[in-house]
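In: quick one: sequence and predicted model below, then my questions.
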Amino acid sequence: MNTDEPGGRIHSSDPFAVPDSEKSAVRRLRGRFAAPVTVWTTPGPGGLTVSSTVVADGNPGRILGLIDEESDFWDAAEQSGRFAVVTLTSADRQLADRFAGLMPSPGGLFATGDWQDTPYGPVPAGAATWAGCRLESNRECGWALLVEGVIESINVSDLATPLVHYRGRYTGLA
């Protein structure tokens, strides 16, 4: 890249991605597991893209996720005791990047697009599937916090092709 050229350069891949040869074996293994892409939000300023999410059926149902302890999301979720988990679709790639901190968000995470306020946190207007959760517990787990929530509210409708994270990239199901 010529540094004398004005402006920035758009890359076809993530210029900050760690090459496979430098990743731990565990991280490479995790990359081979296809995972749903979700956005977790809270009442307040917090929101985060999370692909390490598990839903456990039961009475009550529970949701678990690996959350960055230093994120604005975690600070807000810990204070409010509530959060929303939104399943993203193939049309939501920019939203996923924005909440992951990979795309600029002038005015804040919720400044772009239409949002519906809920007791659990903002949800994109027209979101097909989302859950409202009460924070149950958390504990250290590897590089993150394993956060457990009790599902108190569920909104499920037909889902367009879900957004999936696989080997460091977003993809849809065929």
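Out: Now that the structure is in, tell me what you want to look at.

In: so where is the chain shaky, pLDDT-wise?
Out: Within the chain, the segments meeting pLDDT under 70 span 1-20, 23, 159.

In: touching, Val55 and Ile63? I think so.
Out: Yes: proximity of Val55 to Ile63 meets the contact threshold set by C-beta atoms under 8 Å, at 5.4 Å. The C-beta positions use only the backbone N, C-alpha and C, and glycine is treated the same way.

In: which residues do these two both contact?
Out: Overlap of the contact sets of Val55 and Ile63 (by C-beta atoms under 8 Å, 6 or more residues apart in numbering) consists of Ala131, Ile151.

In: settle it for me: which of these two has more neighbours?
Out: Legend: neighbour count by other C-beta atoms under 10 Å for Val55 and Ile63, higher for Ile63 (21 against 16).

In: so the residue nearest to Thr53 when sequence neighbours are not counted bridges to which residues?
Out: For Thr53, ignoring the flanking residues on the chain, the nearest one in space by C-beta to C-beta, 6 or more residues apart in numbering is Gly65 at 4.7 Å. Using DSSP bridges, the bridge partners assigned to Gly65 are Thr53, Val147.

In: quick one: contacts for the spatially most central residue of the chain?
Out: By C-alpha atoms, centre = their mean, the chain has its centre lying nearest to Thr49, at 1.7 Å. Counting by C-beta under 8 Å, 6+ apart, Thr49 touches Val37, Thr38, Val39, Ala96, Asp97, Phe99, Ala100.

In: how near is it to Ser24?
Out: Per C-beta to C-beta, to the nearest Å, Thr49 is found 21 Å from Ser24.

In: sorry, back to before: okay, now the sheet partners of whichever helix or strand the residue nearest to the centre of the chain is part of, with direction.
Out: Using DSSP states H and E, Thr49 sits in strand 47-50. Strand pairing for strand 47-50, using DSSP bridges, gives strand 38-41 (antiparallel).

In: what distance separates the partner strand from the centre of its chain?
Out: Relative to its chain's centre, strand 38-41 lies at 5 Å (C-alpha atoms, centre = their mean, to the nearest Å).

In: one more: stretch 133-141?
Out: Using C-alpha atoms, centre = their mean, the offset of stretch 133-141 from its chain centre is 16 Å.
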